[in-house]
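*Asks:* Prediction below, plus the sequence it came from.
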Protein chains: 2
Amino acid sequence: MPPPESPFPRRKTRTVQVGRVRLGSGHPIAVQSMTTTATTDVAATAAQVDRLSRAGADIVRLAVPTVTAAEALRAVRDRTDVPLVADIHFNARLALAALDAGADKIRLNPGNTPLADDLDRVVEAAGRHGAAIRIGVNSGSVMPRDEPLQRPHTPRQMTDRMVETVCRYLEWFQSRGFHSLVLSLKASDVPTTLTAYRRMAALCDYPLHLGVTAAGPREEAVMKTALGLGPLLCDGIGDTLRVSLTGDPVPEIQVGRRMLEVLGIEPLRGVEIISCPTCGRCQLDLTALATRLYAATRDIKAPLRVAVMGCVVNGPGEAREADLGVAGGQGFGMLFRHGRPV
Amino acid sequence: MPPPESPFPRRKTRTVQVGRVRLGSGHPIAVQSMTTTATTDVAATAAQVDRLSRAGADIVRLAVPTVTAAEALRAVRDRTDVPLVADIHFNARLALAALDAGADKIRLNPGNTPLADDLDRVVEAAGRHGAAIRIGVNSGSVMPRDEPLQRPHTPRQMTDRMVETVCRYLEWFQSRGFHSLVLSLKASDVPTTLTAYRRMAALCDYPLHLGVTAAGPREEAVMKTALGLGPLLCDGIGDTLRVSLTGDPVPEIQVGRRMLEVLGIEPLRGVEIISCPTCGRCQLDLTALATRLYAATRDIKAPLRVAVMGCVVNGPGEAREADLGVAGGQGFGMLFRHGRPV
């Protein structure tokens, strides 16, 4: 049963157009990822964009470290309708090349791309192409590269540095009348991420792109992302998000979408297995049953809650709340369908 | 480097003593789990309690479904200093037996244990033994068992039912002058869990035991727990927590403690691997490197942040912020120790 509406009212923002997708509080939270292919390998990149799109990606970002990569982006652009973002660092002229090649948004990193004349041409080109710009600060690249040893020492100093960096950049774009802006303030540290986004959310009405950067091995990354993004999403902060996982990017989309389902922000799209943790009361081999059921139901796209419970305490109740429920006891089992014993 | 203090001020609560552990805002958040052995198997149960304790459990709960199990709890009690909680359902006389057997806390489920004369004897015994009582509501057992088809239909109705159930129970204990109480309101649905705890937190000053019940397969359970508990912990709500995972309970403790580290509530106690998600700029086989490093460092108990980054964008910055950092580029690598290139 889809939730009637998100339980968490969104922070009010402007709307920013990124290709066919609109970002902002008037629109669903967009889930995005980034390709891991060399962008210059057009066939591999286009195939990965397609896989991401089929997995539910609303937006896909590509690394554009060279002019050749910008040209490749043009070829990928020709093969897909998915909004494409060019990830730019160090060199504003690559942003120009990417905009000319059809990027729907470019991401600039204030930590390595100074506010200089080249950026005036980027603003002009983005305006002309109707493209958006993300001002994307990372804790790992927020300090000027010529002060390698003057690193911030406390989370508070790092947060200050990130917010100040975005604000300085933001004012520069605003002074040029450019407002198709999305902001991000990612840190590998969760409290820093939370504080940076909360402070920025209070300072402006631009859509925010959420993420915890450099998150580590899979389960650790899922946990860190959930701990970093959950409190923000529950406060209505965040208009697009990216889950960072090391490896193939398709799970980034699956995890991101699942997070929105779990929070009740998006309706359930597949099968949810609810199983009890088992305890000294458990009277079935529940772990095996839940694992088999999970594997067997991954491809089902209908929204279904299936409860598998091991005893008579919470079993009948949870099983009753689910669309399909199994509650097992000693020598008997109860099967429920839409709350009725069958 | 341990954080100087939690970034999230705690909601003020009373202190409740559970064996050697104190629960409440004046004390660290206690991480607990529940045995999966048959409690009557004293040797297996005591061994699991010991494994949980060595993994960092502050409190361990045991199922006490029979008088024989209560007697077994007495034998386990004799073998460990870890505070033990007896999980009681349906039958208040089992609570009496568990208290006589030395339980430091009993958990009562208002969904299946009515407020009747037997509970007066439980309150008297808990007071005499200096034991605490958790009023533990679960969404799966919140309705009276004789109304199987009158299930709540919306998360809002479920939340109302859970909060009302706890309040009615709470008033009964308060009217008898008993205040060594801990409250929990677990649901398998995250928005319901969040709302129920937030409402209860505003209504009283008793310590809260956090959990998302019946959470499903491992990664799903970790995600649901992080999404359910993170927003509460960031609001200072929660004095003890249990992560529910299907299977061996030791990972429940590891995940619970790690969540507190990630949120900066507890100091780092082991090795944290920070790796970038890899993208089209990545110039190393980072997934393999991060996975090997993760496996190789699990047993190190010293707090160390190790960053493994695949390119020159965030690599040098993240590597610099970590205690040990590797940033790899094309044909070169940089190694940092406490922020200085070596």
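*Replies:* Arrived safely.
*Asks:* Which residues of the stretch 51-200 of chain A lie near chain B?
*Replies:* Within the stretch 51-200 of chain A, the residues that sit near chain B (CB under 8 Å from any CB of the partner chain) are A:61-63, A:65, A:69, A:87, A:89, A:109, A:111-112, A:138-143, A:145, A:148-149, A:151, A:155, A:188-191, A:194-195. Every C-beta, even on glycine, is put in place using the N, C-alpha and C of the backbone.
*Asks:* Tell me the buried residues within those.
*Replies:* Neighbour-count burial (16 or more other CB atoms under 10 Å in any protein chain shown) is assigned, among these, to A:61-63, A:65, A:69, A:87, A:89, A:109, A:111-112, A:138-143, A:151, A:155, A:188-191, A:194-195.
*Asks:* Which of the helices and strands in chain A ranks last by mean pLDDT?
*Replies:* helix A:315-321 (a mean of 70; mean pLDDT, DSSP states H and E).
*Asks:* could you pull out the helices for the stretch 201-342 of chain A?
*Replies:* Using DSSP state H, counting those that start in this stretch, the helices of the stretch 201-342 of chain A run over A:218-234, A:250-262, A:286-296, A:315-321.
*Asks:* Tabulate those (CSV), appending mean neighbour count.
*Replies:* Formatted as CSV, the entries for the helices of the stretch 201-342 of chain A read as follows, by neighbours: other CB atoms under 10 Å in any protein chain shown:
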stretch, mean neighbour count
helix A:218-234, 25
helix A:250-262, 22
helix A:286-296, 17
helix A:315-321, 26
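*Asks:* who wins for proximity to A:Phe178 among the ones you listed?
*Replies:* Smallest distance to A:Phe178 across these (CB to CB): 25.5 Å, for helix A:218-234.
*Asks:* any weak-confidence spans in the stretch 201-342 of chain A?
*Replies:* Scanning the stretch 201-342 of chain A for pLDDT under 70 picks out the ranges A:214-215, A:278, A:280, A:282-284, A:287, A:312, A:315-316, A:320, A:328-332.
*Asks:* What segments of the stretch 1-150 of chain A are helices?
*Replies:* If you assign secondary structure with DSSP H, counting those that start in this stretch, the helices in the stretch 1-150 of chain A sit at A:42-54, A:67-77, A:92-100, A:117-129.
*Asks:* Just send those helices back as TSV, with mean pLDDT too.
*Replies:* Converted to TSV, those look like this (pLDDT from 0 to 100):
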stretch	mean pLDDT
helix A:42-54	98
helix A:67-77	97
helix A:92-100	96
helix A:117-129	95
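*Asks:* any idea which of those is most buried?
*Replies:* helix A:92-100 (a mean of 23; mean count of other CB atoms under 10 Å in any protein chain shown).
*Asks:* other SSEs contacting that one?
*Replies:* Here helix A:92-100 touches helix A:67-77, strand A:84-88, strand A:105-108, helix A:117-129, going by 3 or more CB pairs under 8 Å, 6 or more residues apart in numbering or on different chains; DSSP states H and E.
*Asks:* I'd like to check the angle between that helix and helix A:117-129, please.
*Replies:* Going by axes from the mean of the first three to the mean of the last three CA atoms, to 10 degrees, helix A:92-100 is angled at 10 degrees with respect to helix A:117-129.
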